[in-house]
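K.L.:
Sequence and predicted model, in that order:
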Amino acid sequence: MRKKIFSKFAAAALLLSLAFPLTANAEWLNEELGPGEAVWVDENSPGGQATSQSPVYEHSENIIIRVDPNAGMGDEVSSTPDENTAVSPDTTGNAESVASESAESGSSESGESAVSENTPSEDATAQEDTAAQENALPANAVMSNGRILYLDRPMIALTYDDGPNPKVGNRIMDKMAQNNGRATFFMVGNRVASYASEVQRMVAEGHEVANHSYSHKYLNKYGAETIRAEVENCNTAIQNVCGVRPSVMRLPGGNKNSTVLANVNMPIILWNIDTRDWDHKNAQKTINEVMSKVKDGDIVLMHELYNATADASDYLIPTLTAQGYQLVTVSELAKYKGVTLQPNRVYYSF
């Protein structure tokens, strides 16, 4: 009996160690500092301030949600429970559940690349299949990022800042994959190399990798040289990991002035729905903020830092899809709304 118990926990510990590797200089995310201010700290460095001596898993209460089946798009979601409520997955944070989720996701930070390597003949066949599919499409549809989009149906962009962060980002991508959706991840450059396989998965599954500066400096406080370096270094960090150089950028905090606008030299994507998930860290509030306001062409701001945001996404992604919204990247949204993105210009929605 003791052997069985030991083996059970040993297996969980092994999987957990793969998902959250420890080193002599273990570093953990201090999430309490808010978007962009959440920093990596060295527990063993002099003066280093870590949130704990071991990983801290954020716990979120079960979300109980009732949706009026007769409600139109953008109608507010009720949180009154009844027998037919949909309950979000429990985020227990215990060793076995975390290890299981990491193993099942197939995309934990194991060092394996998520990018497939096809032979030339396979690539040619895939291109022929894509061309055949495109020729068979109706006039109101296009092939984009591996799925069909309908130009006469509503589109919105769900965007996530401050990653990469595999325990949240992989949950978002899992749910997107189940619902044929794509997201835009605005990433901080100095975090990218630590989570290469998550970033590679983003590209492999058609999500948009985007620039959120190299070190999350509020660029309106700096001169032209620093602004350009923050933008370029982030682009290079992302390209080095996944082979794709970002084409859009989001300013940390949305802070801008004339110097920033003159030196970013990329289209600047802000938002028109701010969930403030970093402030309340409450999945239901995030859900309500989106569902009460969402409409065609919106850009929604969330953060790839909090389990509560992943919980909210677990509900939002299939619900928005069921209501007829197509979940697209920022660049897709601009393209299919007829907007040509220009460098040094600011966009809030399309």
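P.N.:
Received, thanks.

K.L.:
all contacts plus neighbour counts: C-alpha atoms, from now on.
P.N.:
Fine.

K.L.:
Give me the below-cutoff pLDDT ranges for the protein.
P.N.:
In the predicted model of the chain, residues 1-120, 125-134 satisfy pLDDT under 70.

K.L.:
just the helices in the chain please.
P.N.:
Listed in chain order, the helices of the chain (DSSP state H) span residues 2-19, 95-105, 120-135, 166-178, 189-192, 196-204, 224-242, 258-263, 277-280, 283-291, 307-322, 330-336.

K.L.:
so who does Thr286 touch?
P.N.:
Neighbour list for Thr286: Thr275, Arg276, Asp277, Thr309, Ala312 [criterion: CA atoms under 8 Å, 6 or more residues apart in numbering].

K.L.:
Surely the third one touches Val300?
P.N.:
What it means is Asp277. No - counting by CA atoms under 8 Å, Val300 is not a contact partner of Asp277; they are 11.1 Å apart.

K.L.:
more neighbours, the two?
P.N.:
Using other CA atoms under 10 Å as the criterion, Asp277 and Val300 rank with Asp277 on top: 25 against 21.

K.L.:
show me the contacts for that one.
P.N.:
Asp277 sits in contact with Ala283, Lys285, Thr286, Met302, His303, Ala308, Thr309, where contact means CA under 8 Å, 6+ apart.

K.L.:
Just give me the closest of those residues to Tyr336.
P.N.:
In terms of CA to CA, no member of the contacts of Asp277 lies closer to Tyr336 than Met302, at 22.6 Å.

K.L.:
Verify the contact between the closest one and Ala310 for me.
P.N.:
No - using CA under 8 Å, Met302 and Ala310 do not qualify as a contacting pair, with a distance of 9.7 Å.

K.L.:
The nearest residue to Gly169 once chain neighbours are set aside and Glu122, how far apart?
P.N.:
If the residues on either side of it in the chain are set aside, Gly169 comes closest to Glu304, at 6.1 Å by CA to CA, 6 or more residues apart in numbering. When distances are taken as CA to CA, to the nearest Å, Glu304 and Glu122 turn out to be 34 Å apart.

K.L.:
again, but for Arg276
P.N.:
For Arg276, the distance to Glu122 (CA to CA) stands at 45 Å.

K.L.:
so the residue nearest to Gly169 makes contact with Thr159?
P.N.:
No - contact criterion CA under 8 Å: Glu304 and Thr159 do not qualify, at 9.0 Å.

K.L.:
So for the two, which residue has more residues nearby?
P.N.:
Neighbour totals were compared for Glu304 and Thr159, and Glu304 leads with 27 against 23 (other CA under 10 Å).

K.L.:
how about that one, what does it touch?
P.N.:
Residues in contact with Glu304 (CA under 8 Å, 6+ apart) are Tyr160, Asp161, Asp162, Gly163, Pro164, Asn165, Val168, Gly169, Ala310.

K.L.:
Check which helices and strands the longest strand belonging to the chain sits against.
P.N.:
The strand that spans the most residues within the chain, counting by DSSP state E, is strand 155-163. Helices and strands touching strand 155-163, by 3 or more CA pairs under 8 Å, 6 or more residues apart in numbering; DSSP states H and E, are strand 184-187, strand 299-303, strand 326-327, helix 330-336.

K.L.:
Parallel or antiparallel, which strands does that strand pair with?
P.N.:
Next to strand 155-163 in the sheet, as set by DSSP bridges, lie strand 184-187 (parallel), strand 299-303 (parallel), strand 326-327 (parallel).

K.L.:
any idea which of those is most buried?
P.N.:
The densest packing among the strands paired with strand 155-163, expressed as mean neighbour count by mean count of other CA atoms under 10 Å, is seen in strand 184-187 with a mean of 28.

K.L.:
would you list the strands paired with strand 155-163 in JSON lines and tack on distance to Glu205?
P.N.:
JSON lines is the format used below for the strands paired with strand 155-163 (distance: least, CA to CA, whole Å):
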{"stretch": "strand 184-187", "distance to Glu205": "12"}
{"stretch": "strand 299-303", "distance to Glu205": "19"}
{"stretch": "strand 326-327", "distance to Glu205": "13"}
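
K.L.:
what's the closest of those to Asn265?
P.N.:
In this view, these are compared for proximity to Asn265 by CA to CA, and strand 184-187 is the closest at 16.2 Å.

K.L.:
export that closest one as PDB, just CAs?
P.N.:
Output for strand 184-187, consisting of C-alpha atoms alone and laid out as PDB, is shown next (Å, rounded to 0.1, in the frame of the first residue of the first chain):
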ATOM      1  CA  THR A 184      -3.100  37.700 -30.500                       C
ATOM      2  CA  PHE A 185      -0.400  37.400 -27.800                       C
ATOM      3  CA  PHE A 186       1.400  40.700 -27.000                       C
ATOM      4  CA  MET A 187       4.600  39.400 -25.400                       C
END
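
K.L.:
got a list of contacts for that strand?
P.N.:
Judged by CA under 8 Å, 6+ apart, the contacts made with strand 184-187 from elsewhere in the structure are 157-164, 207-213, 249-250, 329-330.
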